[in-house]
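> For reference, the sequence and a predicted model appear below.
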Amino acid sequence: MSNISVSIITIGDELLIGQTIDTNSAWMAQQLNEIGIEVVRRVAVGDVRDSIWKTLDDEIANADIVLITGGLGPTSDDITKPLLCEYFGGKMIVDERTLSHIKDIFTKRNRPFLERNIKQAEVPDSCIVLFNKMGTAPGMCFEKNGKMIISMPGVPFEMMSIMEDEVLSILRKRFISDVIVHRSIITAGEGESFIAEKIKDLEEALPTYIKLAYLPGAGMVKLRLTGKGANELQLIKEIALRQEEIANRLEDIVVALDDVPMEYILAKEFINRGATLGLAESCTGGFIAHHITQIMGSANYFMGSIVSYDPRIKENVLHVQKSTINKYGVVSEQTAIEMVKGASQLLGADYTLSITGILSPDTNDTNPVGTVWMAVTDKQDIKTKKFLFHYDRPRNKEIAVQMAMLMLWKFINKKL
Ligand code: AMP
Ligand code: MG
């Protein structure tokens with residue numbers, strides 16, 4: 001098993017004043033984790049020569065690999081490139097491939113190529129150049145005392161493309177002999193402690209090279225098996241076997257064996273059944289519809305959502321009775337039921353879900369903030385469910401969407 005360590009240095013004054021959020025580190029750490037390389041430290045520094053120099057000293061001593069982003073722009077505040085040249089020795093030379101790529105970019109954008117733009121194609125002769133097809137600043141790979149140091153631009157999509165095209169395969173070849181295999185089991189309806197108890201013996205019987213992680217989310221727990229080993233085929237076989245074993249034990253609460261968002265899982269259900277979906281949304285304001293329509297091909301099963309935010313729209317469009325709203329309130333089981341009936345008729349979908357809730361304090365409503373009612377129907381049966389969410393408004397909305405999709409999934413699968 002490899003124990004290769006990485007330090008990440010992000011460079012830029014904007015990171016220190018909080019103007020730019022360091023998304024680069026998080027993304028890089030996820031990618032490295034996927035191939036079994038551990039990030040042991042993340043450091044952010046300003047565009048300051050002495051800070052960068054000292055951080056390089058520290059992090060090269062600290063890890064086998066140092067990944068750097070930022071400070072490679074053509075403006076004078078970006079000082080990383082000449083600094084690296086000085087740090088690793090050698091002189092600046094023009095990288096011809098980068099030069100012609102930069103000239104192409106300037107021609108395409110119809111901008112004059114100036115003498116000073118040649119500087120953008122310069123790299124220290126002590127590095128291996130990592131081509132940047134998405135921008136002008138190339139990545140650079142250095143070696144020192146058996147350590148590998150890689151510098152990339154700060155612009156996230158440029159960094160990502162260099163990581164995907166070049167860096168990850170360089171690291172894999174150089175540092176990794178083991179392969180990593182992941183398999184997931186997505187569950188809903190039970191907490192992690194219940195699950196842990198239920199599969200205790202299976203978890204204990206896992207070989208040391210297969211680890212099980214519990215990743216709880218909104219109403220769901222993802223179980224992820226990660227295997228490391230030299231023999232990929234054997235590892236895939238073994239981990240699939242363990243996945244099946246655990247999934248069989250958890251039968252009732254297993255939603256999927258692929259690690260994909262709930263909207264994908266639902267899409268598969270609707271397409272496989274040739275069924276259609278309709279929505280009546282109040283408190284989520286169309287957010288469920290947004291999730292559903294993120295999926296390519298959603299037009300094949302999604303009829304639409306009636307965003308009936310104001311009570312008058314619930315009455316006039318969905319035909320919720322005024323008396324129902326007066327008697328039980330807008331956020332009530334009865335209103336949710338009449339909403340789902342109205343939407344089911346209007347949209348003519350095989351399955352329809354309605355949602356009504358209170359996500360901010362409202363003097364007209366006696367329900368506690370976070371109360372949400374949902375109803376689902378297949379034109380015959382109607383099932384309802386009450387929720388109480390405890391977070392702030394945006395998070396409550398997000399959770400409500402996840403729970404709505406989960407409720408649909410359970411209803412379709414007769415598990416509600
Ligand atoms: P630079 O390579 O320093 O010219 O960075 C270019 C741009 O990339 C900056 O203006 C930031 O908007 C963005 N950026 C730099 N570092 C990061 C980072 N760690 N995470 C996300 N964006 C970044
Ligand atoms: Mg910068």
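Right, received. Where do you want to start? In this text, all values refer to a predicted model and were calculated from it rather than measured experimentally. Ligands and ions are numbered 1, 2, ... in the order given.

> How about the secondary structure of the residue in the stretch 51-200 of the chain positioned nearest to ligand 1?
For the stretch 51-200 of the chain and ligand 1, the shortest gap (Cβ to the nearest ligand atom) falls at residue 154, measuring 2.6 Å. Glycine gets a C-beta too; all of them are placed from N, C-alpha and C. Under DSSP: H, G, I helix; E, B strand; the rest coil, residue 154 falls in the coil class.

> show me the contacts for it.
By Cβ atoms under 8 Å, 6 or more residues apart in numbering, the contact list for residue 154 reads 10-12, 24, 69-73.

> For residue 40, grab the count of nearby residues.
Neighbours of residue 40 under the rule other Cβ atoms under 10 Å: 15.

> How about residue 103?
Counted with other Cβ under 10 Å, residue 103 comes out at 14.

> follow-up on the earlier one: if we check ligand 1, which of the contacts of residue 154 are in contact?
10, 12, 24, 69-73 (Cβ under 6 Å from any ligand atom).

> what's the spacing between the residue of the chain most remote from its centre and ligand 1?
Within the chain, the residue lying farthest from the chain centre (Cα atoms, centre = their mean) is residue 323, at 44.1 Å. Distance, residue 323 to ligand 1, by Cβ to the nearest ligand atom, to the nearest Å: 55 Å.

> you'd agree that residue is in a helix?
Yes. Counting by three-state DSSP, residue 323 is part of a helix.

> Report pLDDT for it.
On pLDDT, residue 323 comes in at 97.

> and the residue of the stretch 101-250 of the chain nearest ligand 2?
Closest contact between the stretch 101-250 of the chain and ligand 2, by Cβ to the ion, is at residue 154 (5.5 Å).

> Spatially, what comes nearest to that residue if we skip its sequence neighbours?
residue 70 (3.4 Å; Cβ to Cβ, 6 or more residues apart in numbering).

> what does stretch 29-40 contact?
So stretch 29-40 is contacted by 1-8, 25, 28, 42, 62-63, 65, 163-164, 168, 171-172, 175-176, 178, 180, 182, 228 (Cβ under 8 Å, 6+ apart).

> Just those residues: which are in strands?
Using DSSP state E, the subset of those located in strands is 5-8, 42, 65, 180, 182, 228.

> re earlier: among the contacts of residue 154, which ones are in strands?
Those of those lying in strands (DSSP E): 10-11, 69.

> got the ones in strands among the contacts of stretch 29-40 as a markdown table, with distance to residue 312 and neighbour count columns?
Converted to a markdown table, the ones in strands among the contacts of stretch 29-40 look like this (distance: Cβ to Cβ, whole Å; neighbours: other Cβ atoms under 10 Å):
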| residue | distance to residue 312 | neighbour count |
| --- | --- | --- |
| 5 | 61 | 17 |
| 6 | 57 | 25 |
| 7 | 59 | 24 |
| 8 | 54 | 24 |
| 42 | 52 | 18 |
| 65 | 61 | 24 |
| 180 | 56 | 18 |
| 182 | 50 | 13 |
| 228 | 60 | 17 |
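
> Take these and write them to CSV, including pLDDT and distance to ligand 1.
Output for those, formatted as CSV (pLDDT from 0 to 100; distance: Cβ to the nearest ligand atom, whole Å):
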residue, pLDDT, distance to ligand 1
5, 95, 20
6, 97, 15
7, 98, 14
8, 98, 9
42, 97, 10
65, 97, 17
180, 86, 25
182, 92, 25
228, 89, 29
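
> Just flag the most distant two among the residues you listed.
Farthest pair in those (Cβ to Cβ) is 7 and 182. Separation: 24.4 Å.

> can you map out the helices along the stretch 101-250 of the chain?
Applying DSSP state H, counting those that start in this stretch to the stretch 101-250 of the chain gives helices spanning 156-162, 168-175, 192-198, 200-204, 232-249.

> what's next to the longest one, contact-wise?
Residues from elsewhere that reach helix 232-249 (Cβ under 8 Å, 6+ apart): 179, 181, 183-185, 198-199, 202, 206-207, 209-210, 212, 223, 225, 227-229, 254, 257.

> Repeat the analysis, applying 7 Å as the threshold.
With contact meaning Cβ atoms under 7 Å, 6 or more residues apart in numbering, helix 232-249 is reached by 179, 181, 183, 185, 198-199, 202, 206, 210, 223, 225, 227, 229, 254, 257.
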